[in-house]
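*Asks:* Structural data only, the sequence is not supplied:
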């Protein structure tokens with residue numbers, strides 16, 4: 001998404017001895033706005049961005065730092081943009097925020113509330129209300145260490161609440177009285193499955209880094225693979241159960 005912000009030319013590094021033509025228009029740049037993206041995997045997500053440049057006194061050179069197409073970690077990373085031509089240049093900064101499981105689920109709650117408000121059937125309103133309550137319970141601040149880690153003695157609660165939420169969403173998909181779109185519900189299901197997988201995968205990474213028992217790590221990885229198989233077979237609740245087991249195998253580092 002781009003913001004129509006026109007920035008006048010800022011002389012960053014003019015070429016010495018260059019005579020600017022009298023009819024040259026100032027360099028005009030439409031900078032990218034702040035971006036918010038969900039994670040794709042443990043390392044984060046790839047973000048791409050573009051810029052619109054008009055006018056100026058020569059062909060402009062465009063430099064993003066980090067470059068467009070880079071892998072951005074979970075969290076917020078500032079990106080600088082420098083656009084230069086023969087007369088000078090324009091600089092701007094925007095943020096790329098990659099949502100981890102906790103913030104992604106917080107955004108899901110907001111989206112579900114909007115969906116519930118617009119729902120025109122009782123079965124949808126009741127079902128969504130239960131999903132919202134389960135996700136809100138799983139997001140208790142005392143349960144989370146950071147975006148990708150839950151407290152050891154609270155992990156089972158987080159996974160079980162989200163497994164229950166997935167079951168309700170899947171039930172709504174099959175309910176002929178529901179007016180909610182299948183694709184809309186599936187998006188929520190997929191996000192919950194991916195979030196719980198990431199919690200398990202990050203825990204396994206931590207276990208390896210701390211030199212935990214190789215046997216436990218192997219068991220956890222086996223459960224993670226089983227979860228992936230069930231997720232691919234469109235059995236999200238079973239997938240989350242295996243991710244929970246994977247997490248629990250190495251929950252005590």
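*Replies:* Thanks, I have it. Nothing here was measured: the structure is a model prediction, and the numbers come from that model.
*Asks:* alpha carbons only for contacts and neighbour counts from here, please
*Replies:* Fine.
*Asks:* can you map out the helices along the stretch 51-200 of the chain?
*Replies:* Secondary structure of the stretch 51-200 of the chain (DSSP state H, counting those that start in this stretch): helices at 101-118, 122-138, 155-174, 182-209.
*Asks:* closest one to residue 60 among those?
*Replies:* helix 101-118 (37.5 Å; Cα to Cα).
*Asks:* That closest one - contacts with which helices or strands?
*Replies:* If you count contacts as 3 or more Cα pairs under 8 Å, 6 or more residues apart in numbering; DSSP states H and E, helix 101-118 packs onto helix 122-138, helix 182-209.
*Asks:* which residues of the chain score low on pLDDT?
*Replies:* Scanning the chain with the threshold set as pLDDT under 70 gives 1-24, 253.
*Asks:* Show me the beta-bridge partners of the residue nearest the centre of it.
*Replies:* Ranked by distance to the mean C-alpha position of the chain (Cα atoms, centre = their mean), the top residue is residue 38 at 1.4 Å. Here residue 38 sits in beta bridges with residue 99, as judged by DSSP bridges.
*Asks:* ok, so what distance separates it from residue 73?
*Replies:* Distance of residue 38 to residue 73, given as Cα to Cα, to the nearest Å: 11 Å.
*Asks:* where do the contact lists of these two overlap?
*Replies:* Counting by Cα atoms under 8 Å, 6 or more residues apart in numbering, the contacts common to residue 38 and residue 73 are 45, 98.
*Asks:* Give me the buried positions along stretch 66-75.
*Replies:* Going by neighbour count (16 or more other Cα atoms under 10 Å), the buried part of stretch 66-75 is 72-75.
*Asks:* which among these gets closest to residue 150?
*Replies:* For the buried residues of stretch 66-75, the nearest to residue 150 is residue 74 (15.6 Å; Cα to Cα).
*Asks:* Might you report the residue contacts of the nearest residue to that closest one once chain neighbours are set aside?
*Replies:* Distance criterion Cα to Cα, 6 or more residues apart in numbering; nearest residue to residue 74, sequence neighbours excluded, is residue 98 at 4.7 Å. Applying Cα under 8 Å, 6+ apart to residue 98 gives the contacts 36-39, 44-45, 72-76.
*Asks:* if we go to 6 Å?
*Replies:* Neighbouring residues of residue 98 by Cα atoms under 6 Å, 6 or more residues apart in numbering: 36-39, 74-75.
*Asks:* which residues of the stretch 1-150 of the chain fall in strands?
*Replies:* 2-7, 28-32, 35-38, 45-47, 52-54, 61-65, 70-72, 75-84, 89-99, 144-146, 149-150 (DSSP state E, counting those that start in this stretch).
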